[in-house]
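Participant: please work out how this folds:
(chains A and B)
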Amino acid sequence: MQIRTQQYVGALISALLMALIGVTLIHSMRTTDQAIQRSDFVNSLNAKGISGLRLVTVEYIIYRSERAKQQWQLRHDSFAQLLAQDVFEDPTEQSILENIRQQNQYLKDAFSALVDLNREPGGSVQEAALTREVERRLVTQLMLISQDSVIDARRLAQITADKIRESQRQTSQLLTILVGLIGIVIASHFVTTLNQILTPIKRLKLGVEAFARGEFSFRTRVKVNNELGVLSQTFDQMAERLGETMTALERKTIQLLETNRELESFSYSVSHDLRSPLRGIDGWGLALIEDYGEQLDATAHTYVERIRADTQRMGQLIDDLLLLARVTRAEIKHELVDLSGLAQSVADRLKSAQSERRIEFVIQPGLSAAGDPRLLEIGLTNLLDNASKFTGTRAEARIEFGETVTDEPEPGVRRRVYFVRDNGVGFDMAHAQRLFGAFQRMHKTSEFPGTGIGLATVQRVVHRHGGSVWANAKPDQGCTFYFTLSPANPNPLRMPTRVDDGISETSNENSKETS
Amino acid sequence: MTEKVILLVEDNPSDVGLTQRAFKKSAIHNELMVAEDGQEALDYLFCTGAHSGRNISDTPMLILLDLKLPRVDGLEVLRRIRADSRTRRIPVVILTSSTEEQDIASGYDLGTNSYIRKPVDFHQFAEVVKQLGLYWLVINEAPPDR
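Facilitator: This next block holds a predicted model:
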């Protein structure tokens, strides 16, 4: 049964029982009331009627006065009026009352006879004796009838009292039964609530708690035929599905971790094993020059030099790739990083490494950001290194690092971004799409050496921080790299959208190789 | 004073040759004892196996230790050297291709005296070896003989 139906039925039965109790109480009050009225009536029969009449009868017999006679008649009339009331429904009571009425009639007859006897004074002695005899009998009759009435009235009183008691007994019995029924209803309601509602809820609560702890093996296994049963069944199905999904996810995670470990050991091998032969090639090449240089001609010397140069390049490539891999898998920290200080130390390093060049570094002071200090150092080093490299042909190189507000690359969305600007050779924006890909280069190796991994590393660093990086350049007019270190603000400073000049756009038509 | 031995633990013959060449070029004349794997290095140091006849108190002056070695790896060799009171004081320089942070940290945790990455460029490598020899054989005050 549905909980709703259950509650309705319970409420209905309770209401019905309450109504029954109400009706019983009203009925009982009424019955008792009537019984008390009858009892009052019977009492007044005895007190006012029968006893009063007897008193006046005795008074008359003693004094034979006119006043006593009138008194008797008055009393008798009022008693007759009292008796005329039809208060009983029960035939026994009615017949007893009828008896009393009759006896009252007899009383009247006997009393009238007594009065008549006194009105005619007797002539002779025998007559007087006869009269006294008749009188004595009449008096006796009066007393007997009166006594009968008293007995009848008492019986009536007894019956009335019995009826009150009976009515009370019935009421209390009925009430006991009804209260018992209410008790049964409450108890069964409680048991039903316990079995059908509370126990399932308890199981569901345990299930939800297990979920909260991340245990998906818990099943409520509630088998009740109501809404909670449906809920529990759905819950169990959900747990089943979630458990399957979680297991699959765990398996995937383990696989991923395994792959990651393999990758790590791979990069370890790359770091260790690929470099060793290179060192050999370089070393023995040099040994060849040093030990047998005299036997080799100029061309042979050039070849050995080429071999050594390529070896160096290979070594650099391996180092750069390792760095890229490290940036990708390194655990990222979030600290407040002094970007200006970081840029300054990179600039100092670059300056001292190329002391023959004139490079002016303009670094905006006081810039800091939340991020990973080591990754950010790698990123900034690559950007400034790049700027230094591509200003190599400039008599006076100028490299800036700072912060600005721009609506690139999303027109209409103004954001605070960091930038690295140089006055170097720049590049054609037509090729900008490939700028951040690994091994992608914008210039000939003979002009500007490099592995083409630096900007890919920069992009990884920026992406790991949730930011983005893009560039703006023109051939021979320098280049600016912009980057952010956090996801785009959900409520950016909106500018009225304008038709953009397309500076940040790239066209695919003109994508010739530069190298 | 007899020139003490330098123990080179290195499995790559090319690297062994290059190191020998670099030592020669740097005019370091100590005998270069080569162990081609970790077990051989331990045998030499603790006078077991092929080296059972050797005097154990005749410790090398310097150990150049590669990390990636057959049989017993470099870090384990280092751990055993530091665990034994007879070899505890020998200067150990890890000379390896790896710059994995984990390796560097473990190396220092286990008590290496120095950690050097072999450069690809032989000129640089020769320079490193020269500096090494200068520092550990000349500048550095060796631990007292036991």
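Participant: surely A:Arg275 is in contact with B:Pro119?
Facilitator: No. Judged on Cβ atoms under 8 Å, A:Arg275 makes no contact with B:Pro119 at a distance of 9.0 Å. C-beta: built from backbone N, CA, C; applies to glycine.
Participant: so between the two, which is more surrounded?
Facilitator: Per other Cβ atoms under 10 Å in any protein chain shown, whichever of A:Arg275 and B:Pro119 has more neighbours is A:Arg275, with 23 against 18.
Participant: just the buried positions in stretch A:107-120, please.
Facilitator: A:107-108, A:110-111, A:113-114 (16 or more other Cβ atoms under 10 Å in any protein chain shown).
Participant: again, but for stretch A:147-159
Facilitator: A:148-150, A:152-153, A:155-157, A:159.
Participant: can you list residues touching both of A:Arg275 and B:Pro119?
Facilitator: By Cβ atoms under 8 Å, 6 or more residues apart in numbering or on different chains, A:Arg275 and B:Pro119 have no common neighbours.
Participant: before we move on, back to that, quick one: which of the buried residues of stretch A:107-120 is nearest to A:Ser217?
Facilitator: Nearest to A:Ser217 among those: A:Leu107, at 100.3 Å, using Cβ to Cβ.
Participant: point me to the helix or strand that includes the closest one.
Facilitator: In this assignment (DSSP states H and E), A:Leu107 forms part of helix A:91-119.
Participant: now the element after that helix, going C-ward?
Facilitator: Moving toward the C-terminus from helix A:91-119, the next element (DSSP H and E) is helix A:125-192.
Participant: give the rounded mean pLDDT of that next one.
Facilitator: For helix A:125-192, mean pLDDT rounds to 86.
Participant: that helix versus helix A:91-119: what angle between them?
Facilitator: 160 degrees (axes from the mean of the first three to the mean of the last three Cα atoms, to 10 degrees).
Participant: who are the packing partners of helix A:125-192?
Facilitator: helix A:3-44, helix A:52-63, helix A:91-119 (3 or more Cβ pairs under 8 Å, 6 or more residues apart in numbering or on different chains; DSSP states H and E).
Participant: out of those, nearest to A:Glu305?
Facilitator: Using Cβ to Cβ, those put helix A:3-44 closest to A:Glu305, at 90.6 Å.
Participant: tell me how far that closest one lies from the chain's centre.
Facilitator: Relative to its chain's centre, helix A:3-44 lies at 45 Å (Cα atoms, centre = their mean, to the nearest Å).
Participant: same question for stretch A:49-63.
Facilitator: On Cα atoms, centre = their mean, the centre of stretch A:49-63 falls 90 Å from the chain's centre.
Participant: buried set for that stretch?
Facilitator: For stretch A:49-63, a neighbour-count test (16+ other Cβ under 10 Å) marks A:49-50, A:52-54, A:56-57, A:59-60 as buried.
Participant: coming back round to it: now the buried residues of stretch A:107-120 in a markdown table, with distance to A:Arg203 and pLDDT?
Facilitator: Formatted as a markdown table, these follow (distance: Cβ to Cβ, whole Å; pLDDT from 0 to 100):
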| residue | distance to A:Arg203 | pLDDT |
| --- | --- | --- |
| A:Leu107 | 86 | 84 |
| A:Lys108 | 88 | 86 |
| A:Ala110 | 91 | 85 |
| A:Phe111 | 91 | 85 |
| A:Ala113 | 96 | 85 |
| A:Leu114 | 96 | 83 |
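Participant: now the residues you listed as a markdown table including distance to chain B?
Facilitator: Below are the buried residues of stretch A:107-120 laid out as a markdown table (distance: Cβ to the nearest Cβ, whole Å):
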| residue | distance to chain B |
| --- | --- |
| A:Leu107 | 132 |
| A:Lys108 | 135 |
| A:Ala110 | 138 |
| A:Phe111 | 137 |
| A:Ala113 | 143 |
| A:Leu114 | 142 |
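Participant: near chain A, which residues of chain B?
Facilitator: Applying Cβ under 8 Å from any Cβ of the partner chain, we find that chain B lies next to chain A at B:12, B:14-15, B:17-18, B:21, B:67-68, B:96-100, B:118-123, B:125.
Participant: rewinding a little: which of the buried residues of stretch A:147-159 sits closest to chain B?
Facilitator: Comparing those against chain B with Cβ to the nearest Cβ picks out A:Ile159 as the nearest, at 111.4 Å.
Participant: so the closest one sits right up against A:Glu93, yeah?
Facilitator: Yes. Using Cβ under 8 Å, A:Ile159 is in contact with A:Glu93, at 5.9 Å.
Participant: quick one: contacts for A:Leu12?
Facilitator: Contacts of A:Leu12 (Cβ under 8 Å, 6+ apart): none.
Participant: do you know how far it is from chain B?
Facilitator: To chain B, A:Leu12 is 76 Å away according to Cβ to the nearest Cβ, to the nearest Å.
Participant: and A:Ala488, what pLDDT?
Facilitator: Predicted confidence (pLDDT) for A:Ala488: 69.
Participant: pick out the residue of the stretch 1-150 of chain A closest to chain B.
Facilitator: Closest point on the stretch 1-150 of chain A to chain B, by Cβ to the nearest Cβ, is A:Ile3, at 61.1 Å.
Participant: what's that residue in contact with, if anything?
Facilitator: Taking Cβ under 8 Å, 6+ apart as the test, what A:Ile3 contacts is A:196-197, A:226-228.
Participant: CSV for those, including neighbour count, pLDDT and distance to chain B?
Facilitator: What follows is those, written out as CSV (neighbours: other Cβ atoms under 10 Å in any protein chain shown; pLDDT from 0 to 100; distance: Cβ to the nearest Cβ, whole Å):
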residue, neighbour count, pLDDT, distance to chain B
A:Gln196, 21, 83, 60
A:Ile197, 17, 85, 58
A:Asn226, 19, 85, 60
A:Glu227, 14, 86, 57
A:Leu228, 22, 86, 55
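Participant: which ones among those map onto strands?
Facilitator: Assigned to strands by DSSP state E, none of those qualify.
Participant: now do the helices in the stretch 401-515 of chain A.
Facilitator: Taking DSSP state H, counting those that start in this stretch as the test, the helices found in the stretch 401-515 of chain A are A:454-464.
Participant: same question, chain B
Facilitator: B:13-25, B:38-46, B:74-83, B:101-109, B:122-133 (DSSP state H).
Participant: dump the ones you listed to TSV, plus mean neighbour count and mean pLDDT.
Facilitator: Below are these laid out as TSV (neighbours: other Cβ atoms under 10 Å in any protein chain shown; pLDDT from 0 to 100):
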stretch	mean neighbour count	mean pLDDT
helix B:13-25	18	86
helix B:38-46	22	88
helix B:74-83	20	91
helix B:101-109	15	87
helix B:122-133	18	85
